[in-house]
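Q: my questions are about this predicted structure, shown below with the sequence.
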Amino acid sequence: MKHAFLAALAATAATAFPVWAVERGEVLDTYADIAHAAYSDSLQAARKLKEAVDALIATPSPETLQAAREAWIRARVPYQQTEVFRFGNPIVDDWEGRVNAWPLDEGLIDYVEMGGESDENPFAGLNVIAHPVFTLSGREVDATRITPELLRETLHEADGIEANVATGYHAIEFLLWGQDLNGHAPGAGSRPWTDYARGDDCTHGNCDRRAAYLSVVTDLLVEDLEWMASQWEEGAAARVAVTADESAGLRAMLTGMGSLSYGELAGERMRLGLMLNDPEEEHDCFSDNTHNSHYYDGLGIANVYLGDYVRIDGTRVSGPSLAELVASQDPTLDIGMRQSLMETMMALGRIKSAAEAGLAYDQMLERGNAGGERLVMDGVEALIAQTRWIERVVAALDLGDVTIEGSDSLDNPGAVFQ
Amino acid sequence: MKHLIILAVTILCALPARAGVDDVLERHILPGLSRFAQAAERLDAAARADCRAAALREPFHAAFDAWLPVGDIRLGPSEQAALSIAFWPDPKGHGRRVLDRMIAGQDPVVHDPTAYATVSIAGRGLFALELLLFDPALSDHGADDFACALVRAVAGDLRAQAAGLETAWRVEFAPLLRNAGAPDNPVYLDEAEALRAIYTQILSSLEFTADQRIGRPLGSLDRPRSGRAEAWRSGRSLRNVLIATRGAHALATALADGPLPDSYAALARVEEAASRIVDPAFQDITDPQAWLRLEILQQRVRDLRAAIEAGIGSRLGLSAGFNSQDGD
C-alpha cells in the first residue's frame, strides 16, 4: 500500500514540479553554505550570551540571571542545527568535544548536592570553584587564577575521562541553572542569582571565582565558534574537505545525517535516557531544554537534505539540494526520504509541544509514565525509520560504506602506542 | 522503483540472497535466542529454589554464555532488549546506584514480576545480577534478606525478557527479514536491505568487541583502566570477548554463500592471542606485558573484521549501514 501511495505521490510530484538535474558540486556548495551560516549564527548568538553573562557578573540580580538564561536558550537554536555536521567531518569531530560535550560530571566545576566521586571518575567531586589548589593525577595544580588554559588544557577531559567536561554549552548551562534537584517533578535547576553576588550576599561561597569561571568559559565558547565558522568560508579547510571530492563530500553529508539520527539521537540521547528512567539522562538536564535540543537536531538533519536553513535573522540560505539530486535519479526515493524526515519532525514536535505545555522532558522519562514514554519512543522510531531511508539514499548514490564514526584507535591503529 | 529492482537483481546474481537471510535466522539467530531463553529459565528456576549468590553463579554464567552469541545484534526487538538484558558500559555507575536505592527503600516493585519491567535498565538484566552475585558489598545476602527477593525479581524479569525476545523475533521480526521486498513490508524494501542489515551487525559486533570490550580497559599503556573491563567482577571479560567474536563469525558464515577460509584463519589467530591472556578479568593490565597481550588480541579482532569485510562485503557488493553505536 505504502509503495503504491509513494509511487502515486512521486508521479504527482514529477508532473507538478519538473525536477532539473543538479550537479553534485552545487549540492555540496549549499551544504557548506548552510554550515557556514549556522556556525556564524551560533557565533553571533554566543556573543549575545557573553554580553548577558557580562551584565550578570557586573550587576547580579534575578533579572540579569534570567536574561543570561534566555540568551543561552536562544544560542542553542542555531547550534543544535549544526550537530548534523558532526560525524562526517573530521574537522568538526576533532573540535566538538570542547563545545558540546555531554554528559558531564558537573561536580568537577562547582558545588553539587548529588553526584560527586564515582567509580570511574575520581574528579567528579573536584569543585574547582571552591578549590584554588588541588591535586590532579598526582600533580598539584594552581588554579588561583581561572584561565582559559586551566579550563581547556588542565580540567577538560582531565585524566582522559570524558565526563570531565570543563568547557562548552553544558558547563555554561550548569553555571546558569545549577543542578536540577526536582527529580521527575516539574522544574529545572534553580541556582540563585546570589551565587554571583558580591560580599556578604554571596551564596554557596566563591562567587568571584564562579563569575570568573563563567566569564572565561563563555569567552572560550565564542572563540571556538569563531574558529569553526571561519573553517567554512570560501577556500577554508572544512569547505575544501567536502568540496574537493564529490563522493566523499556526499558521504560526509549522509554520514552526519545517519549517525546523528540513529546512534546519537535515537540511541544515546533518547532511548537510553528513557530506559534508565533517570531525570539527569537528558541532554540539557540543568535547563530542561532537552525538547528543543532534540527538535533542532532533527531540523538540522532535514536542513541538510532539503538544502535550506532559516537564519536567526529570519533570512534563508538555500540552494541546489541533496533532495533534488536524489529526485533526479529516483523520485520515489526522494518522496520516501522527505516523508520520513517530516514524520520525525512531527514526532519531535509533539515532544516539544508537550514540554512547552508543562510536561518537561525529564518527567517523560519517569518510571511508569506511559504517555511520556510513547512520546519519546515515537521520536526514536521515527529517527530509526529515517536512518533506513538515509541508507537507501547512500546506496542509490552509490557512495559505498558510510564512514563509521570511530575512535582514534580504529582510524589509526598505531595511535594506541603513541 | 526502478533502482530498487536493479539493485535487487544485482544482489540476486551475486548470491542466493534469501538463502543467506534464512540461514542466518535458522542456523544462528533463532536457535541462539532459544538457547538463551532456556538458560534464563534455568537461572530463574534456580533463583526460586535458592536466591543466595553461591547457588546462582553457575546458572548465571550459563545464561551469560547463551546471551553473547546473539547479544550484539541490534535489530528489531533486540534494539531495545539488548539494553535491558545487558546494560553495559555503565560509566556513571547507574547499576549500583539503582540497586542501592531499591535495597535502601525496600522497593515493593520486587514483588510484582510484571511491574519489574518498568524499572531502570540499570537495575535489570545480566549486569544487575552480576553486581548482586559477585560484588562483595551486594552479594552477601541471606535467604530472608530483601536483596534475595531482588535477585529473584531480576532473574524472573530476565526469564520473561528472554522469552519475550525469542517470541518477538519468531513472530514479528524474522518474517520481516525473510519477506524483504514484499509489498506489505515497511522495513526492508528489498532483499539487499535485509542482507545489509545483518552484515552491519557482524561488523559492528566485532567493532564493539575491539573498541569497547577490549578498548575500554586497555586505555593507554601508561593509563590502563582495568576497572572498565566488561563483567570483570564475575571474571568473564575474556570469555565475553571470545564468545561474542565467535558469534559474529558464525553469523558471517551463515550469511556467506561459500566458504570464508581467510576468516577462519583470522578467527584462529584471535583464539591464539586469547590463549596468551593470563587474567580472564583483564585486571593484570597494569603490567605492560599483559597490556601488550590484550592489545594484540584487540588487533586480532580487528583483523577478523577486515577479513570478513573482504570475504563477504566486497565479494557480494555489500556496504555496512549505520551502526547503533555510532554516537559518541
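A: Arrived safely, thanks for sending. Numbers count the residues shown, from 1 in each chain, chains lettered A, B, ... in the order given.
Q: from now on I want contacts and neighbour counts done on CA atoms only, so please keep to that.
A: Noted.
Q: pLDDT weak spots in the chain?
A: You didn't say which chain, so I picked chain A. When the per-residue scores of chain A are filtered using pLDDT under 70, the ranges that remain are A:1-20, A:114-119, A:401-418.
Q: oops, I was thinking of chain B
A: Along chain B, the parts satisfying pLDDT under 70 run over B:1-19, B:326-328.
Q: okay, now the domains of it?
A: Chain B breaks down into these structural domains: B:15-178, B:191-316 (assignment by automatic domain parsing).
Q: want to throw the ones you listed into a markdown table with distance to chain A?
A: What follows is the domains of chain B, written out as a markdown table (distance: least, Cα to the nearest Cα, whole Å):
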| stretch | distance to chain A |
| --- | --- |
| domain B:15-178 | 4 |
| domain B:191-316 | 6 |
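Q: turn these into JSON lines, including distance to A:R86 and mean neighbour count.
A: Written out in JSON lines, the entries for the domains of chain B read as follows (distance: least, Cα to Cα, whole Å; neighbours: other Cα atoms under 10 Å in any protein chain shown):
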{"stretch": "domain B:15-178", "distance to A:R86": "23", "mean neighbour count": "20"}
{"stretch": "domain B:191-316", "distance to A:R86": "20", "mean neighbour count": "20"}
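Q: of those domains, which approaches A:S287 most closely?
A: The stretch from the domains of chain B with the least distance to A:S287 (Cα to Cα) is domain B:15-178; that distance is 20.6 Å.
Q: in TSV, list the domains of chain B along with distance to A:E26.
A: As requested, the domains of chain B are arranged in TSV below (distance: least, Cα to Cα, whole Å):
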stretch	distance to A:E26
domain B:15-178	36
domain B:191-316	29
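Q: of the ones you listed, which is nearest A:S293?
A: domain B:15-178 (22.1 Å).
Q: next one: that closest one to chain centre, how far?
A: Relative to its parent chain, domain B:15-178 has a centroid offset of 11 Å by Cα atoms, centre = their mean, to the nearest Å.
Q: pick out the residue closest to the middle of chain A.
A: Most central residue of chain A, judged by C-alpha distance to the mean C-alpha position with Cα atoms, centre = their mean, is A:Q80 at 4.5 Å.
Q: give the contact list for residue 161.
A: Answering for chain A, as no chain was given. Contacts were defined as Cα atoms under 8 Å, 6 or more residues apart in numbering or on different chains; by that measure A:I161 touches A:N121.
Q: wait, chain B was what I had in mind.
A: Neighbour list for B:Q161: B:A81, B:I85 [criterion: Cα under 8 Å, 6+ apart].
Q: check which helix or strand it maps to.
A: With elements delineated by DSSP states H and E, B:Q161 resides in helix B:146-168, which encompasses its position.
Q: touching, the residue nearest to the centre of chain A and A:H291? I think so.
A: No. Between A:Q80 and A:H291 no contact is recorded; they are 11.4 Å apart, counting by Cα atoms under 8 Å.
Q: which positions in the stretch 201-350 of chain A make contact with chain B?
A: Taking Cα under 8 Å from any Cα of the partner chain as the criterion, the stretch 201-350 of chain A approaches chain B at residues A:258-260, A:262-265, A:267-268, A:272, A:275-278, A:330, A:332-333.
Q: just the ones of those residues in helices?
A: Cross-referencing these against helices under DSSP state H gives A:G258, A:S259, A:L272, A:M275, A:L276, A:T332, A:L333.
Q: next SSE downstream of the helix holding B:Q161?
A: Helices and strands here follow DSSP H and E; after helix B:146-168, the next one along the chain is helix B:174-178.
Q: that following helix packs against which elements?
A: If you count contacts as 3 or more Cα pairs under 8 Å, 6 or more residues apart in numbering or on different chains; DSSP states H and E, helix B:174-178 packs onto helix B:17-23.
Q: help me confirm that A:F134 is found in a helix?
A: No. Assessed by DSSP: H, G, I helix; E, B strand; the rest coil, A:F134 does not belong to a helix; its assignment is strand.
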